[in-house]
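>>> the following comprises the amino acid sequence and a computationally predicted model.
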Amino acid sequence: MQKIAVIGTGYVGLVSGTCFAEIGNRIICCDVDEVKINSLKRGVVPIYEPGLKELIDKNTAAGRLLFSSNVGEAIEASDIIYIAVGTPMSDTGEADMRYVKDVAKKIGEHLNGYKVIVNKSTVPVGTGELVRQIISNHRKYPTVHFDVVSNPEFLREGSAISDCMNMDRAVIGSTSDKAAKLIAELHAPFGTSIFQTDLESAEMIKYAANAFLATKISFINAIANICERVGADVTRVSEGMGLDSRIGGKFLQAGIGYGGSCFPKDTFALAHIADQSGYDFELLKAVIRTNDQQRLLVTDKLKQAIGSADGKRIAVLGLAFKPNTDDMRYAPSLSIIPELVELGASVRAFDPIAVESAKPLLPEEVQYFNTIEETLEGCDACIILTEWPEIVSMDLLKAKRLMKETVLIDGRNCIPQQSIQQHGFTYHSIGRRPVNVVGSGLHTANF
Ligand SMILES: NC(=O)c1ccc[n+]([C@@H]2O[C@H](COP(=O)([O-])OP(=O)(O)OC[C@H]3O[C@@H](n4cnc5c(N)ncnc54)[C@H](O)[C@@H]3O)[C@@H](O)[C@H]2O)c1
Ligand SMILES: O=c1ccn([C@@H]2O[C@H](COP(=O)(O)OP(=O)(O)O[C@H]3O[C@H](CO)[C@@H](O)[C@H](O)[C@H]3O)[C@@H](O)[C@H]2O)c(=O)[nH]1
């Protein structure tokens, strides 16, 4: 049993802290946000993540998982300190390091014995060294030692607990073999394979992994755009490509591009790190540009289908950046809906979970509904932005009866081809070819 303080109870701190408690450690999840900590103490979980509330309840009841807004006390009472604070995108695109620096200072001030400081936040190369310096500069007891480890997090929102419990690998970077071994042992109950390396390489692995996944997405989106022009079907193309084990089928789902709390900011941050190092990462900059352009396709396709959006009633299904989360960070809906409102459309929105997080971020003219059916009533077109299971399996026959015009813009290529064929929608996708159109070069069809 290790005594661990996890500093920062955002997505990563809360999920990884809870998973470390689940395997028998004593965890104090701490945060400067007292409102968040107080709600966690009352059993109210501030984020939506399947299975998280149940796991938190179980581990708090067992006394293994505690919450505190006294960060200093949590540091003093622990042997391993995980830094899991945010590193958001700054105005200039680089990672904003102010929270990591604040925490490092706090650790220095409360270093009352040997501790291993582990960085879980996604940070530029060199942060481990920076953290070491800040702690040293603020040490109350200069003879007390500590080691710094980089252990980046690879969980995905929506499947975070399973990702944490069944990691493909734990990346552990440190200059201290003793500290690296301690963190490797911490992961043993998960059965995780360990990849041990130096501090700087561990920090780079996280950015490189996210940038590579983002590249796969932008690549398949570019292929989808070509498919539309030449009459191929991107779904079949990505399936066929993915069967090559050197390529793999994951992250080849074409659509309106990536959003979320990580890919947008981490691609920008890596491009910035590259610039600073004197290397112009043109490839990554093209990935970012392709992603920005991809979400513009929605309104282009809408105009193509219904002409002007002015005065039209448009249903938007799905607001979160992906299913199974209420996270709205860099969600495509945040740029597409304001554009629709600007074009004069009356927007009716549905999301099974994310409405409350979305409302403050969207124009006040947007109307929200509790069911897909209510949302679709009298609409001139329906746009799918998130592939929630209830949206993917919506009753298209009912939808057809409720809507004024049966126009469907599927930004996630998620509606089964057969359903579209059966129900006579004017269907626009991102590079899919309707099943009954052979070799026509068309990407839209009226059945
Ligand atoms: N969200 C993800 O899915 C994910 C996955 C892998 C890695 N990451 C990385 O992990 C880090 C955390 O991401 P997140 O989404 O959990 O962040 P978040 O922004 O949701 O939460 C960060 C938390 O840190 C707290 N905090 C800020 N300064 C603090 C301080 N001085 N002391 C104590 N608490 C403080 C904030 O109040 C907030 O609750 C980021 O670097 C991110 O890139 C995120
Ligand atoms: O084939 C695909 C796969 C994903 N996406 C989009 O890409 C974004 C990110 O999806 P996903 O990676 O599933 O979610 P995140 O929770 O953002 O997780 C990513 O970002 C985290 C934070 O760094 C990392 O820990 C994870 O490993 C990494 O997958 C979402 O908008 C998805 O819709 C696609 O468009 N096509």
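Received it, and whenever you're ready, just let me know what you need. Ligands and ions are numbered 1, 2, ... in the order given.
>>> my guess is His138 contacts Gly108. True?
Yes: if you go by CB atoms under 8 Å, His138 and Gly108 touch, sitting 2.9 Å apart. To be clear about C-beta, it is placed using only N, CA and C from the backbone, and glycine gets the same treatment.
>>> who in the stretch 151-300 of the chain is up against ligand 2?
153-157, 210, 213, 217, 251-253, 255, 258-260, 262-263 (CB under 6 Å from any ligand atom).
>>> among the residues you listed, which lie within helices?
Asn210, Leu213, Ile217, Phe263 (DSSP state H).
>>> related to what we said a few turns ago, who has more neighbours out of His138 and Gly108?
Per other CB atoms under 10 Å, whichever of His138 and Gly108 has more neighbours is Gly108, with 23 against 15.
>>> sec struct for that one, please.
Taken by DSSP: H, G, I helix; E, B strand; the rest coil, the conformation at Gly108 corresponds to helix.
>>> how about the one 3 residues further on?
Counting by three-state DSSP, the backbone at Leu111 sits in coil.
>>> just the residues of the stretch 151-300 of the chain next to ligand 2 that are near ligand 1?
Okay, of those touching ligand 1 (CB under 6 Å from any ligand atom), that's Glu153, Leu155, Glu157, Cys262.
>>> what's the farthest-apart pair in those?
Farthest pair in those (CB to CB) is Glu153 and Glu157. Separation: 11.4 Å.
>>> just to revisit the earlier point, need the ones next to ligand 1 among the residues of the stretch 151-300 of the chain next to ligand 2 in TSV with pLDDT and neighbour count, can you?
What follows is these, written out as TSV (pLDDT from 0 to 100; neighbours: other CB atoms under 10 Å):
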residue	pLDDT	neighbour count
Glu153	97	23
Leu155	96	20
Glu157	92	24
Cys262	96	26
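>>> wait, which of these is closest to ligand 1?
Glu153 (3.9 Å; CB to the nearest ligand atom).
>>> buried subset of the residues of the stretch 151-300 of the chain next to ligand 2?
Among those, those classed as buried by 16 or more other CB atoms under 10 Å are 153-155, 157, 210, 213, 217, 251-253, 255, 258-260, 262-263.
>>> closest one to ligand 1 out of those, please.
Once CB to the nearest ligand atom is applied, the member of those that ends up nearest ligand 1 is Glu153, at 3.9 Å.
>>> for the closest one, which residues are in contact?
Val12, Ser16, Ala84, Lys120, Thr122, Lys206 (CB atoms under 8 Å, 6 or more residues apart in numbering).
>>> count of residues packed around Ala222?
Based on other CB under 10 Å, the number of other residues close to Ala222 is 18.
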